[in-house]
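In: task: produce atomic coordinates for the following.
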Amino acid sequence: MAVTDRQRRKKEKRRNEIIDAAERLFYARGFDKVSMDEIAQEVELSKGALYFYFKSKDSLFCVIVARKWMEFGEILKENISHGKTGLEKINILIRWYIQFARENAAYNDMATTFGPQLYQRMDAEDSRMLAEVSTKYIPSASIAVREGIEDGSIRNDLDAVLLGMYIQIITLNVASPDPSIKNLFALHGIDYDIYTEMLPTFLCPSIAHCPEKECSDQDGSLQQ
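Out: You can find the predicted model right below:
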């Protein structure tokens with residue numbers, strides 16, 4: 001193995017160790033309460049060496065988000081490939097959003113709490129990185145809608161791209177709300193898990209070509 005290749009692998013390993021450490025600290029204490037000094041100490045690096053890998057704490061946050069999006073997107077692509085119709089794929093997509101959010105509660109709390117303010121101040125490089133990742137996976141819903149229109153499981157009077165965006169935005173906001181939303185539900189004695197579980201039952205019939213036939217008895221089973 002060439003020296004340069006070994007160096008590249010060593011650098012990538014160190015970079016991932018930094019991301020993992022920052023992620024643990026952000027989840028445990030909150031993004032705003034963790035400093036770059038503390039991250040450097042966690043991975044036994046000088047602060048100057050840490051800045052060699054990441055230019056800011058905001059940038060580290062964006063990298064964590066991008067990595068989580070890629071993890072989500074790759075499993076999503078595998079799951080929806082098992083749907084037989086476009087509508088089944090949408091059903092699976094919605095349920096996977098919900099399942100992923102539950103399995104990554106610490107990430108969701110961090111992203112929904114601090115993400116909105118950080119996204120507003122992202123520099124061009126971080127913005128481009130997140131755009132590239134999202135562009136890779138966001139079309140999944142629109143593609144499934146288009147397939148559903150073609151196979152007759154989804155209404156043909158809807159714009160596939162716009163409907164795909166509606167579905168993903170609605171599902172994301174229901175599955176991964178600001179923590180204050182969950183607290184509000186709790187104050188009113190409403191089980192948020194039941195609320196999220198009802199989402200596919202609400203959305204799928206609204207887009208189905210034949211709601212009674214296409215949306216009945218869909219369990220949204222996920223293939224892992």
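In: residue nearest the centroid of this structure?
Out: Trp69 (4.5 Å; C-alpha atoms, centre = their mean).
In: need the contact partners of the helix or strand containing that one.
Out: Using DSSP states H and E, Trp69 sits within helix 57-80. Among residues not part of helix 57-80, those counted as contacts by C-beta atoms under 8 Å, 6 or more residues apart in numbering are 18-19, 22-23, 26, 31, 34-36, 39, 54, 89, 92-93, 96, 100, 104, 107, 111, 114-115, 118, 121-123, 125-126, 129-130, 133-134, 136-137, 140, 144, 222-224. No exception for glycine: its C-beta is placed from N, CA and C like everyone else's.
In: from these, which land in strands?
Out: In strands, judged by DSSP state E, none of these are found.
In: are any of those residues buried, and which?
Out: Neighbour-count burial (16 or more other C-beta atoms under 10 Å) is assigned, among those, to 18-19, 22-23, 26, 31, 34, 39, 54, 89, 92-93, 96, 100, 104, 107, 111, 114-115, 118, 122, 126, 129-130, 133, 137, 140, 144, 222.
In: chain center to whatever helix or strand Lys10 lives in: distance?
Out: Lys10 belongs to helix 3-29 when elements are defined using DSSP H and E. The chain centre lies 21 Å from the centre of helix 3-29; the measure is C-alpha atoms, centre = their mean, to the nearest Å.
In: which strands and helices lie in contact with that helix?
Out: helix 36-42, helix 47-53, helix 57-80, helix 105-120 (3 or more C-beta pairs under 8 Å, 6 or more residues apart in numbering; DSSP states H and E).
In: got these as a markdown table, with distance to Asp191 and mean pLDDT columns?
Out: Putting the helices and strands packed on helix 3-29 into a markdown table (distance: least, C-beta to C-beta, whole Å; pLDDT from 0 to 100) gives the following:
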| stretch | distance to Asp191 | mean pLDDT |
| --- | --- | --- |
| helix 36-42 | 37 | 96 |
| helix 47-53 | 42 | 92 |
| helix 57-80 | 24 | 94 |
| helix 105-120 | 15 | 91 |
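In: distance to Ser206 for those helices - can I get that in JSON lines?
Out: Below are the helices and strands packed on helix 3-29 laid out as JSON lines (distance: least, C-beta to C-beta, whole Å):
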{"stretch": "helix 36-42", "distance to Ser206": "45"}
{"stretch": "helix 47-53", "distance to Ser206": "46"}
{"stretch": "helix 57-80", "distance to Ser206": "19"}
{"stretch": "helix 105-120", "distance to Ser206": "25"}
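In: ranking those by burial, who's on top?
Out: The highest average neighbour count among those, using mean count of other C-beta atoms under 10 Å, belongs to helix 57-80 at a mean of 18.
In: could you check the angle helix 3-29 makes with that one?
Out: 90 degrees (axes from the mean of the first three to the mean of the last three C-alpha atoms, to 10 degrees).
In: and helix 57-80, how far out from the chain middle?
Out: On C-alpha atoms, centre = their mean, the centre of helix 57-80 falls 6 Å from that of its chain.
In: I appreciate the help and will end here.
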